[in-house]
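Peer 1: would you be able to build a 3D model of this:
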Amino acid sequence: MMQAMPKLPEPEKVEPQALLENVVVLAHSLDEQTPDAVKNAISTVEAALDSIQPGLQTEHNNAKAQVDELYGEIDFCRRNLEIGHAQTLASHRSEKEERVQAHAAAEQTVLNACDNRWFEKAHTLSLSLPPSSPSDAPAEFYDRVKEWHTFIEVEWAEIESEKTECDDATTALDTAAAAKNTAVSEYEASFCRHRLMCDLTTACGVHEAGVLNTMKPGIQADELARQDQFKTVSQVDCILALIRTAVDTHNIIGDASLAGCDDVSVMGRWNNADGSSASVSDYTITFADVPDATPEECPDSEIGDPECPDEDESVIESWTAGVAVMATTTTTTTV
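Peer 2: Reported below is the predicted structural model:
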């Protein structure tokens, strides 16, 4: 008496493990089935297998896209620092240092031209001016004026030169001081903007890394489940090959042959786009190392750094594409 054919799941309702169990039953009962019944069963199993692959692939692609999106959010956190904040700060720092040095040099020039030469010259000459008196007679007055004339002829050129040098140096110092003050203000503003960007980038990175780490176990569990399904489907495909051979040769399938299909975990019935055989690795999701939340471009504060206003990060509720979503308003702030 022929044994009843095991009832195979409908393709749209198939579960790989149930399919495997039924195919194993089929393999054990070949000698009790008609060839047509076995062929019909093979066709049903093949249809079921073909219905599983698109679902597995779609789930894998969606999971990979989700992981890529999570890493993309982490990358977005750092994006604004990569578009020039550090370079702008370095440029302003270099400009500030150059202007500070120029101002110091201008101060030294004033010291040399004014204090050390013109002021000293004026003081010395004031002690050696020709004497004069309101009661001088005309002849004495003439002699005094002649002395002044001689004095001016001897000293005027040097007096004029040293006073001009002092005046020019003083004007240059005023210009250097204004340039230095502007450079210092621009540097401090740039420093605080960069510090804010660093603080927000770090907060964003910590948040998005936390989201990734929270979701990672579930994604990996689903990944293992898909890999197990792929291995199960590979076993089913292997047993189908044994069944086809057994039907064609009118033989039965031994337990040892069935056990051999347990080792086909890396082989599948589907081919990839490049023609290679599908394998478990095709259903593997790689989790890259997450970069440090604080970028290298954001060193710790040092003595002498400008004082920056504190920013309240507690109002940030979440981040989207590197943009802070504020808890108290619908307005977003770009990192």
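Peer 1: show me the shaky parts of the stretch 151-300 of the chain.
Peer 2: 264-276 (pLDDT under 70).
Peer 1: change it to 90
Peer 2: Under the criterion pLDDT under 90, the flagged ranges of the stretch 151-300 of the chain are 151-165, 193-210, 230-235, 237-238, 240-241, 244-282, 289-300.
Peer 1: mind jotting down where the helices sit in the stretch 51-200 of the chain?
Peer 2: 85-110, 119-127, 138-249 (DSSP state H, counting those that start in this stretch).
Peer 1: Glu59: which of those is closest?
Peer 2: Evaluated with Cβ to Cβ, the helices of the stretch 51-200 of the chain place helix 138-249 nearest to Glu59, the distance being 6.0 Å. For the C-beta atoms, the positions are set from N, CA and C on the backbone; glycine is no exception.
Peer 1: who does the closest one touch, helix- and strand-wise?
Peer 2: With contacts defined as 3 or more Cβ pairs under 8 Å, 6 or more residues apart in numbering; DSSP states H and E, helix 138-249 has these neighbours: helix 16-28, helix 35-79, helix 85-110, helix 119-127, helix 255-260, strand 316-320, strand 323-326.
Peer 1: to Ala278, which of the ones you listed lies closest?
Peer 2: Going by Cβ to Cβ, the one of the helices and strands packed on helix 138-249 nearest Ala278 is helix 35-79, 8.2 Å.
Peer 1: name the helices or strands packed onto the closest one?
Peer 2: Packed next to helix 35-79, using 3+ Cβ pairs under 8 Å, 6+ apart, are helix 16-28, helix 138-249, strand 316-320.
Peer 1: go ahead and confirm Val180 touches Ala105.
Peer 2: Just so we're on the same page, residue 180 is Lys rather than Val. No. Applying Cβ atoms under 8 Å as the test, Lys180 and Ala105 come out as separate, 11.0 Å apart.
Peer 1: who has more neighbours, these two?
Peer 2: Lys180 (20 against 13; other Cβ atoms under 10 Å).
Peer 1: please name the residues that touch the more buried one.
Peer 2: By Cβ atoms under 8 Å, 6 or more residues apart in numbering, the residues touching Lys180 are Lys96, Arg99, Val100, Ala102, His103.
Peer 1: so it versus Ile253, what's the distance?
Peer 2: Between Lys180 and Ile253 the distance is 91 Å, computed by Cβ to Cβ, to the nearest Å.
Peer 1: next one: Asn181
Peer 2: For Asn181, the distance to Ile253 - Cβ to Cβ - is 91 Å.
Peer 1: which of these two has more neighbours?
Peer 2: Per other Cβ under 10 Å, whichever of Asn181 and Ile253 has more neighbours is Ile253, with 19 against 12.
Peer 1: quick one: which helix or strand includes that one?
Peer 2: Assigned by DSSP states H and E, Ile253 falls within no helix or strand.
Peer 1: pull the contacting residues for it.
Peer 2: So Ile253 contacts Ala27, His28, Leu30, Ile239, Leu242, Ile243, Ala246 (Cβ under 8 Å, 6+ apart).
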